[in-house]
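Asker: got a sequence here, can you model it:
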Amino acid sequence: MSGKESRDPSLLEANWTFKGNELILQSRQKGTARFALKMDAKAEPKAFHLTAIEPANEGAGWILYSRDGENLKIAFYDNLKGRPESFQPREPHSEPELIVVTLSPKK
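Answerer: Model prediction:
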(Lines give C-alpha, C1' and ligand atoms only; values in the text may rest on other atoms or scores of the structure.)
Protein backbone atom coordinates (compact mmCIF):
# COMPACT_ATOMS: atom_id res chain seq x y z
CA MET A 1 0.00 0.00 0.00
CA SER A 2 1.45 3.37 -1.00
CA GLY A 3 4.61 1.73 -2.30
CA LYS A 4 5.03 -0.75 0.57
CA GLU A 5 4.23 -4.43 0.25
CA SER A 6 0.66 -5.17 1.27
CA ARG A 7 -0.46 -8.09 3.43
CA ASP A 8 -4.09 -7.79 2.31
CA PRO A 9 -5.55 -11.31 2.77
CA SER A 10 -8.16 -10.71 0.06
CA LEU A 11 -5.24 -10.56 -2.40
CA LEU A 12 -2.60 -12.80 -0.82
CA GLU A 13 -4.94 -15.63 0.13
CA ALA A 14 -6.94 -15.43 -3.10
CA ASN A 15 -6.66 -17.81 -6.02
CA TRP A 16 -5.53 -15.91 -9.13
CA THR A 17 -6.34 -17.89 -12.26
CA PHE A 18 -5.14 -16.53 -15.59
CA LYS A 19 -7.10 -18.41 -18.25
CA GLY A 20 -6.80 -17.22 -21.83
CA ASN A 21 -7.90 -13.59 -21.87
CA GLU A 22 -9.52 -13.73 -18.41
CA LEU A 23 -8.47 -13.35 -14.81
CA ILE A 24 -10.61 -15.14 -12.22
CA LEU A 25 -10.00 -13.91 -8.69
CA GLN A 26 -11.45 -16.04 -5.87
CA SER A 27 -11.13 -15.03 -2.22
CA ARG A 28 -12.93 -15.94 0.99
CA GLN A 29 -13.17 -12.25 1.87
CA LYS A 30 -14.63 -10.93 -1.40
CA GLY A 31 -15.97 -13.94 -3.30
CA THR A 32 -15.32 -14.48 -7.01
CA ALA A 33 -14.72 -11.82 -9.64
CA ARG A 34 -14.04 -12.34 -13.36
CA PHE A 35 -12.20 -9.85 -15.53
CA ALA A 36 -11.39 -9.60 -19.22
CA LEU A 37 -7.62 -9.29 -19.54
CA LYS A 38 -5.75 -7.34 -22.23
CA MET A 39 -1.95 -7.26 -22.23
CA ASP A 40 -0.01 -4.14 -23.23
CA ALA A 41 2.89 -5.83 -25.00
CA LYS A 42 4.92 -2.61 -25.38
CA ALA A 43 4.59 -1.36 -21.80
CA GLU A 44 7.62 -0.92 -19.56
CA PRO A 45 7.06 -1.94 -16.83
CA LYS A 46 4.81 -4.70 -18.10
CA ALA A 47 1.09 -4.00 -17.74
CA PHE A 48 -2.35 -5.44 -18.37
CA HIS A 49 -5.80 -3.89 -18.41
CA LEU A 50 -8.74 -5.46 -16.60
CA THR A 51 -12.42 -4.98 -17.38
CA ALA A 52 -14.96 -6.52 -14.99
CA ILE A 53 -17.15 -9.26 -16.40
CA GLU A 54 -18.87 -10.26 -13.17
CA PRO A 55 -19.78 -8.65 -10.99
CA ALA A 56 -20.00 -5.93 -13.60
CA ASN A 57 -19.66 -3.13 -11.02
CA GLU A 58 -16.03 -4.09 -10.22
CA GLY A 59 -14.84 -1.54 -12.79
CA ALA A 60 -11.80 -1.48 -15.03
CA GLY A 61 -8.20 -0.37 -14.86
CA TRP A 62 -4.50 -1.07 -15.22
CA ILE A 63 -2.17 -3.33 -13.27
CA LEU A 64 1.62 -3.35 -13.57
CA TYR A 65 3.36 -6.68 -13.07
CA SER A 66 6.74 -8.31 -12.87
CA ARG A 67 7.82 -11.89 -12.23
CA ASP A 68 10.73 -13.11 -10.16
CA GLY A 69 10.80 -16.89 -10.37
CA GLU A 70 7.51 -18.10 -8.93
CA ASN A 71 6.65 -14.69 -7.43
CA LEU A 72 4.31 -12.26 -9.15
CA LYS A 73 4.58 -8.60 -8.14
CA ILE A 74 1.64 -6.36 -9.01
CA ALA A 75 0.93 -2.66 -8.60
CA PHE A 76 -2.38 -0.89 -9.10
CA TYR A 77 -4.27 2.11 -7.85
CA ASP A 78 -7.10 1.69 -5.39
CA ASN A 79 -10.29 0.72 -7.26
CA LEU A 80 -8.16 0.37 -10.43
CA LYS A 81 -8.37 4.14 -11.02
CA GLY A 82 -5.65 5.30 -13.39
CA ARG A 83 -2.48 3.63 -14.64
CA PRO A 84 0.60 3.48 -12.40
CA GLU A 85 3.84 4.58 -14.05
CA SER A 86 6.04 2.40 -11.84
CA PHE A 87 6.08 0.33 -8.67
CA GLN A 88 6.96 3.46 -6.68
CA PRO A 89 4.24 5.64 -5.14
CA ARG A 90 3.62 9.10 -6.48
CA GLU A 91 3.74 11.86 -3.92
CA PRO A 92 2.69 10.90 -0.38
CA HIS A 93 -1.06 10.83 0.16
CA SER A 94 -1.82 11.32 -3.53
CA GLU A 95 -5.07 9.81 -4.71
CA PRO A 96 -5.65 7.08 -5.62
CA GLU A 97 -3.26 5.02 -3.49
CA LEU A 98 -0.76 2.71 -5.15
CA ILE A 99 -0.97 -0.88 -3.94
CA VAL A 100 2.02 -3.19 -4.46
CA VAL A 101 1.61 -6.88 -3.68
CA THR A 102 4.01 -9.78 -4.17
CA LEU A 103 2.15 -13.04 -4.68
CA SER A 104 4.05 -16.27 -3.95
CA PRO A 105 2.76 -19.76 -4.51
CA LYS A 106 1.78 -21.63 -1.37
CA LYS A 107 4.34 -24.23 -0.33
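
Asker: and the closest residue to Ala47 other than its chain neighbours, what does it touch?
Answerer: Excluding its sequence neighbours, the residue lying closest to Ala47 (Cβ to Cβ, 6 or more residues apart in numbering) is Asp40, at 4.6 Å. The way it works is simple: take the backbone N, C-alpha and C, and place the C-beta from them, glycine included. Shown in contact with Asp40 (Cβ atoms under 8 Å, 6 or more residues apart in numbering): 46-49, 62.

Asker: can you give me the end-to-end span of stretch 34-54?
Answerer: Length of stretch 34-54, first residue to last, Cα to Cα, to the nearest Å: 5 Å.

Asker: let me see the mean pLDDT of that stretch.
Answerer: Averaging pLDDT along stretch 34-54 gives 93.

Asker: could you look up the SS state of Leu11?
Answerer: helix (DSSP: H, G, I helix; E, B strand; the rest coil).

Asker: give me the distance between the two termini of stretch 55-75.
Answerer: 22 Å.

Asker: got it, and stretch 52-64?
Answerer: Start-to-end, stretch 52-64 (Cα to Cα) is 17 Å.

Asker: repeat for stretch 36-45
Answerer: End-to-end span of stretch 36-45 (Cα to Cα): 20 Å.

Asker: please apply the same query to stretch 18-25.
Answerer: End to end - Cα to Cα - stretch 18-25 spans 9 Å.

Asker: next, count neighbours for Phe48.
Answerer: Phe48 has 19 neighbours, counted by other Cβ atoms under 10 Å.

Asker: list the contacts for it?
Answerer: So Phe48 contacts 37-40, 62-63, 65 (Cβ under 8 Å, 6+ apart).

Asker: now it, nearest residue through space, not along the chain?
Answerer: Distances taken as Cβ to Cβ, 6+ apart place Met39 nearest to Phe48, at 5.0 Å, with adjacent residues excluded.
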